[in-house]
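1. Structure of the sequence below:
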Amino acid sequence: MRYYLDAEFNGFGGALISIGLAPENADHPRFYGAVECRDPTPWVAAHVLPVLDTDPVAYEALQDAFADYLAPDPHPVLVADWPEDIVHAARLLATSDGRRLIVSAVSFELAEVVSFSSAELSDVPHNAYHDAVALRTFCTARRGMNGATSG
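-> Predicted coordinates:
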């Protein structure tokens, strides 16, 4: 299944704050989690932390929850609009002691999103789950208009 991905992080290249997956099948459970953000940038403090809408957990707990969520799918495809979202998702699947958390194949896709703006299309901008839903809506509508089968 395809899962539309968004992550919030503490400035470009910064630590992960939250991650959301909106499955292509809206009846499938969603994934959303966050970790504590120490020393947030002023922009993150003003725009991301106020809309977090979940209690942060330890990074290792987020890793386990993320891997457990994806594990039942034999070939999950994570679709993102930004390369750093993919980086953070991939990092969640590898432990600090060098283990891979899931054994199924995981694919990542960087969607073509020329006119996509999560700040304009998301119900709750800068909330990773709501931004992932906006990406899913955008990509699904675009696929429908183009008759294409990709992102």
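2. from here on, contacts and neighbour counts on C-alpha atoms
-> OK.
3. sec struct for the nearest residue to A34 once chain neighbours are set aside, please.
-> Leaving aside its chain neighbours, A34 sits nearest to S18 (4.0 Å; criterion: Cα to Cα, 6 or more residues apart in numbering). On the three-state scheme (DSSP: H, G, I helix; E, B strand; the rest coil), S18 is labelled strand.
4. ok, now how distant is S18 from D53?
-> Per Cα to Cα, to the nearest Å, S18 is found 10 Å from D53.
5. Quick check: neighbours shared by these two?
-> N127 (Cα atoms under 8 Å, 6 or more residues apart in numbering).
6. Neighbour count: those two, which is higher?
-> S18 (27 against 13; other Cα atoms under 10 Å).
7. from what I can see the more buried one touches L5, true?
-> No. Applying Cα atoms under 8 Å as the test, S18 and L5 come out as separate, 10.8 Å apart.
8. Quickly list what's touching both of those two.
-> Common neighbours of S18 and L5 are listed as A128 (criterion: Cα under 8 Å, 6+ apart).
9. Identify the residues contacting the residue nearest to A34.
-> A7, E8, F9, Y32, G33, A34, V35, L52, N127, A128.
10. List just the nearest of those residues to A111.
-> Ranked by distance to A111 (Cα to Cα), the contacts of S18 are led by A7 at 14.6 Å.
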